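Chemist: Coordinates for the following, if possible.
(one chain, ligands or ions: 1)
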Amino acid sequence: MIAIFDSGYGGLTVLKPILELLPQYDYLYLGDNAKAPYGIHSPETVTEFSQKAVDYMKGRGAKLIIFACNTASATALSKIKDDKIIGVIEPSALEASKVTKNGRIGVVATKTTINSAAYEKALKRQNKSLQIYTQACPLLVPFIEEGWHTKPEAISILKKYLMPLKNANIDTLILGCTHYPIMLKSFKKIMGRKVKIVTSGEITAKYLEEFLKANPELEKSLGKNKTRTYFTTDNPEEFKRFTENNLGMKIKTPTKINL
Ligand code: DGL
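Modeler: Predicted coordinates for the structure are as follows:
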């Protein structure tokens, strides 16, 4: 089966388009809600948390793992070094480098992701001449998790975060955090029509499709019974509620586990 891992709920914004594009496979989703948010922790701590999650998912039979969490992709992926783990940073950086016209790209993400410079490095790998403007947005995840993301307070904070990027005349903005697509409408409204917004979900789904085509042996070994199993390290009812309210996804109540 394919496992999708996130610090909590946010990875569902990646799971959703994956299920739409590649529904035939068996999927496991693991949200480490008890330790979220990851984005305020050190790279070492995030790596430790992620390693435990990887061990658990492999123990459950995961043949391929997607780190839907940008913070884990930015910090733990290079430490864990496993070619059966796909992160979200490389696919988004590739897409942004393709769509930009003026070569000026903005990245918004958690503090830990921004401090890691993982997006800058990934974008520069695509094209050295790109100009990259980054902005950590630490207050957005708590607002979204509280369901307060449409309130004026959240919008005014978002405007403050985005103003320097608008002033930098970027034409492409990467939402480098799983939660931010939940505020996509507000991002679009503030940045205006001329700025192309890149979110991880659909891009990672397409990347996964290509990856499976390029790895037919692995593809053959994947279960294709359309099973979906959800695990959380915190309150399963809360998880189900958040998923239904914010992503409009009906899911089976997750199983609570300890990592
Ligand atoms: N999943 C995290 C990310 O994409 C956001 C939430 C957190 O900080 O745990 O960076």
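Chemist: Can you read off the pLDDT for the closest residue to residue 157 other than its chain neighbours?
Modeler: Excluding its sequence neighbours, the residue lying closest to residue 157 (Cβ to Cβ, 6 or more residues apart in numbering) is residue 139, at 5.3 Å. For glycine as for every other residue, the C-beta is placed from the backbone atoms N, C-alpha and C. Note on residue 139: pLDDT of 96.
Chemist: Helices along the chain, start to end?
Modeler: For the chain, the helices defined by DSSP state H occupy 12-21, 43-59, 70-75, 77-80, 89-99, 111-116, 118-126, 140-145, 152-167, 184-191, 200-214, 216-221, 236-247.
Chemist: Looking at those helices, which one is packed in the most?
Modeler: Of all the helices of the chain, helix 70-75 carries the top mean neighbour count, a mean of 32, counting by mean count of other Cβ atoms under 10 Å.
Chemist: Where does the prediction get shaky in this structure?
Modeler: Judged against pLDDT under 70, the chain has no low-scoring part.
Chemist: Wait, residue 207 touches residue 86, no?
Modeler: Yes. Counting by Cβ atoms under 8 Å, residue 207 touches residue 86, with 6.9 Å between them.
Chemist: need the contact list for residue 91.
Modeler: Shown in contact with residue 91 (Cβ atoms under 8 Å, 6 or more residues apart in numbering): 200, 203, 204, 206, 207.
Chemist: go on, residue 13?
Modeler: Counting by Cβ under 8 Å, 6+ apart, residue 13 has contacts 68, 178, 179, 181, 182, 199, 200, 201, 247.
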